[in-house]
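1. got a predicted structure plus its sequence, pasted below:
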Amino acid sequence: MTTGFSGNAQAMSLVAFSTVAAITLLLCVMTGPDGDDLDEFYTGYGSLSPMRNGLAIAGDYISAASVLGTGGVIALCGYDGIALALSTALSLMLLMFLLAEPLRNAGQFTMGDALARRMPGRGVRMTACAVTIAALLPLMLVQLAGTGQLLAFILGFSGDSLKTGCIIGLGALMISYAAIGGMKGTALIQILKIVMLLGSGAVVALLVLQRFDWDPGALFNAAAAQSGVGPAFLHSGVEFAGSSNPRLDMITSELTVVLGGACLPHVTMRMYTARSARQVRRSMSWAVSSVVVFVLIMTVVGFGATALIGRAVIAQADPRGNTAYLLGSRAAFGATVSTSETFLFTTVTTAIFLTLLASVAGMILACANSLAHDVFAARVQEMSGRREMLLARVSALAVGVPAILLATLVQHRSLQPLVTLSFCLGASAIAPALVYSLFWRRYTRTGLLCTLIGGTLAVLLIMPGTNLVSGSPASAFPGADFNWFPFTTTGLVTIPLGFAFGWLGTVASGRRASEEQRRQYEAVEGWILAGAVRRSG
């Protein structure tokens with residue numbers, strides 16, 4: 001069967017994209033903060049119900065890289081893809097049970113607030129801002145570069161200048177979302193995105209199951225038969241078959257996702273929008289439920305794509321399988337597509353398009369908030385709310401414009417190293433810093449800075465040596481080979497290093513500093529762990 005998209009579907013998709021862009025921008029204008037109320041801009045007053053806040057958290061957590069990348073790994077690697085998808089759900093559950101309430105109690109607007117609750121100072125805040133940008137910028141580049149590729153694939157054009165124009169135009173739209181809408185405006189976009197994504201995906205998943213008489217076993221067996229690797233498709237090892245130690249490589253990759261995914265700043269900032277500890281628990285319940293549904297949908301559609309059109313066709317369309325979700329959705333309709341099925345496919349493509357827009361808007365907002373609140377506002381003793389809000393909006397521009405320019409430069413290379421880099425930074429620098437800050441009484445300022453800086457530098461030094469960057473045809477630099485690190489992610493080394501740096505920095509601070517930090521922690525321990533009313537400022 002053909003995997004191309006009809007002119008009718010392309011025209012409907014273009015109209016739908018334009019309509020969604022206009023409506024979402026209007027929503028941001030209507031719900032954006034007025035005047036100089038910082039709490040409204042940074043947290044939306046905590047006005048969202050637990051269900052809506054939970055859907056917004058799930059929307060921030062499920063990025064376009066998750067939709068396209070995870071679907072591709074499932075379609076190309078079978079069992080390994082399911083393990084990756086389950087790791088994303090487990091990561092959010094870890095945030096729910098371990099960090100969500102303490103983060104909500106300790107923080108106010110940004111990750112810098114949560115870390116500075118115990119250890120006030122510009123150095124801590126500026127380091128937190130730098131790590132926030134370092135962790136989110138690679139993901140922003142992936143989403144922005146993917147925008148041009150997605151539109152080219154759906155609308156059928158191939159010119160590089162048109163792809164670059166899409167990146168620039170849509171990047172400007174994403175900056176507008178963050179600068180105008182603030183937390184509440186971007187939350188509404190995330191809610192719209194997750195409802196469309198799960199709704200359309202559920203219908204497609206049901207159509208796929210219908211093609212196999214509602215028998216998941218038949219679906220899995222058909223996918224294995226069309227995979228080119230036979231029964232191995234249903235067992236671990238396909239994704240990391242070229243690794244020197246496939247099992248350890250898979251475990252390391254999943255551990256990196258589990259520890260790093262939910263600790264990224266654009267996800268944790270949603271914890272500060274809850275009005276109470278009880279509300280953050282209920283919000284996380286909705287978020288985890290939404291992500292579990294997403295994992296089920298991606299599993300069915302990914303296996304359906306392999307079963308219906310074959311692994312070779314998917315790999316030919318994109319070596320990383322990023323188009324597998326779209327191809328699987330199209331294949332679920334059969335050889336002939338009715339008007340209603342064309343409309344459904346348009347809804348699917350629009351949901352992915354909105355996912356791209358919403359994901360980058362949330363990341364830009366997290367970086368802009370940290371830049372304005374932790375760097376600029378921290379330099380002035382008493383900064384007016386109006387001026388800080390202006391700085392936050394200018395910061396959105398300052399973060400977004402370089403991201404757009406860099407995305408135009410990397411759009412023709414493999415983007416998987418950038419996704420992995422963000423998760424490695426989340427797992428190796430941010431996760432240890434949050435765990436130590438929230439739960440270790442003797443943790444010192446030196447230990448915190450060593451965790452953030454040491455964990456980040458370790459990832460940045462080791463990442464270029466992985467096979468995602470060079471040494472393979474699918475790497476970012478296929479013509480070069482400076483691959484010296486035997487694993488796909490850096491987590492096996494850098495996650496223990498991140499925790500070790502924090503411990504060594506604390507020990508090096510001396511017993512007196514540790515005792516002082518213990519007393520300071522005990523003074524705020526009730527605020528952080530017991531769910532007391534959060535202090536302002």
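-> Okay, I see it.
2. distance from the chain centre to stretch 471-489, please.
-> Between the centre of stretch 471-489 and the centre of its host chain there is 24 Å, according to C-alpha atoms, centre = their mean, to the nearest Å.
3. span of that stretch from start to end?
-> Across its full length, stretch 471-489 reaches 14 Å end to end, with C-alpha to C-alpha, to the nearest Å as the criterion.
4. what do you get for stretch 316-329?
-> OK, stretch 316-329 end separation, C-alpha to C-alpha: 17 Å.
5. buried stuff in it?
-> Neighbour counts over stretch 316-329 (16 or more other C-beta atoms under 10 Å) mark 317, 318, 320, 321, 322, 323, 324, 325, 326, 327, 328, 329 as buried. For every residue, glycine as well, the C-beta is placed using N, CA and C.
6. below-threshold pLDDT in this structure: ranges please.
-> For the chain, the stretches with pLDDT under 70 are 1-8, 34-40, 43-47, 156-158, 335, 337, 378, 380-382, 385, 530-537.
7. and the helices in the stretch 351-500 of the chain?
-> With DSSP state H, counting those that start in this stretch as the criterion, the stretch 351-500 of the chain has helices at 385-410, 416-425, 431-439, 445-462, 491-508.
8. just name the most buried of those.
-> By mean neighbour count, with neighbours taken as mean count of other C-beta atoms under 10 Å, helix 416-425 ranks first of the helices of the stretch 351-500 of the chain at a mean of 26.
9. and that helix, what does it pack against?
-> Under the contact definition 3 or more C-beta pairs under 8 Å, 6 or more residues apart in numbering; DSSP states H and E, helix 416-425 sits against helix 122-155, helix 246-260, helix 445-462.
10. next one: it to chain centre, how far?
-> For helix 416-425, the separation from the chain centroid amounts to 10 Å (computed by C-alpha atoms, centre = their mean).
11. for stretch 347-363, same thing?
-> Offset of stretch 347-363 from its chain centre (C-alpha atoms, centre = their mean): 12 Å.
12. contacting residues for the residue nearest to residue 400 when sequence neighbours are not counted?
-> When the adjacent residues along the chain are set aside, residue 400 lies closest to residue 175, with 3.8 Å between them (C-beta to C-beta, 6 or more residues apart in numbering). Residues in contact with residue 175, defined by C-beta atoms under 8 Å, 6 or more residues apart in numbering, are 364, 396, 397, 400, 401.
13. OK, contacts around the last one?
-> The contact partners of residue 401, taken as C-beta under 8 Å, 6+ apart, are residue 175.
14. ok, now the third one?
-> Applying C-beta under 8 Å, 6+ apart, one finds that residue 397 lies in contact with 175, 179.
15. just the element for the residue nearest to residue 400, please.
-> Residue 175 belongs to helix 160-176 when elements are defined using DSSP states H and E.
16. list the buried ones in that helix?
-> Neighbour-count burial for helix 160-176, with 16+ other C-beta under 10 Å as criterion, is recorded at 163, 164, 166, 167, 168, 170, 171, 173, 174, 175, 176.
17. how far away is residue 298 from residue 100?
-> Taking C-beta to C-beta, to the nearest Å as the measure, residue 298 and residue 100 are separated by 24 Å.
18. what of residue 461?
-> In terms of C-beta to C-beta, residue 461 sits 32 Å off from residue 100.
19. neighbours of residue 97, how many?
-> Using other C-beta atoms under 10 Å as the criterion, residue 97 is surrounded by 12 other residues.
20. what's the answer for residue 310, then?
-> Residue 310: 19 surrounding residues under other C-beta under 10 Å.
21. may I ask which two of the buried residues of helix 160-176 are separated the most?
-> 163 and 176 (20.7 Å; C-beta to C-beta).
22. element containing the closest residue in space to residue 286 that isn't next to it in sequence, please.
-> For residue 286, ignoring the flanking residues on the chain, the nearest one in space by C-beta to C-beta, 6+ apart is residue 54 at 2.5 Å. Using DSSP H and E, the element containing residue 54 is helix 50-61.
23. that older thread, of the buried residues of helix 160-176, which is the nearest to residue 474?
-> residue 163 (20.1 Å).
24. how close does the closest one get to residue 472?
-> Relative to residue 472, and taking C-beta to C-beta, residue 163 is found at 24 Å.
25. again with residue 120
-> When C-beta to C-beta is applied, the distance between residue 120 and residue 472 equals 47 Å.
26. next: residue 255.
-> As defined by C-beta to C-beta, residue 255 lies at a distance of 22 Å from residue 472.
27. how about residue 15?
-> If you measure residue 15 against residue 472 using C-beta to C-beta, the figure is 40 Å.
28. likewise for residue 247?
-> Computed as C-beta to C-beta, the residue 247 to residue 472 distance reads 19 Å.
29. now the angle between helix 246-260 and the host helix or strand of residue 81, please.
-> When secondary structure is defined using DSSP H and E, the element that contains residue 81 is helix 79-94. Between helix 79-94 and helix 246-260, the angle formed by their directions is 30 degrees, by axes from the mean of the first three to the mean of the last three C-alpha atoms, to 10 degrees.
30. picking that back up, which of residue 15 and residue 472 has more neighbours?
-> residue 472 (16 against 12).
31. residue 290: what's it in contact with?
-> Contacts of residue 290 (C-beta under 8 Å, 6+ apart): 54, 55, 58, 62, 194, 198.
32. so which of those residues comes closest to residue 519?
-> Proximity of the contacts of residue 290 to residue 519 was ranked by C-beta to C-beta; the top entry is residue 54 with 36.8 Å.
33. on that earlier part again, and the helix holding residue 81, what does it pack onto?
-> In terms of contacts (3+ C-beta pairs under 8 Å, 6+ apart), helix 79-94 is packed against helix 50-61, helix 71-77, helix 246-260, helix 277-309.
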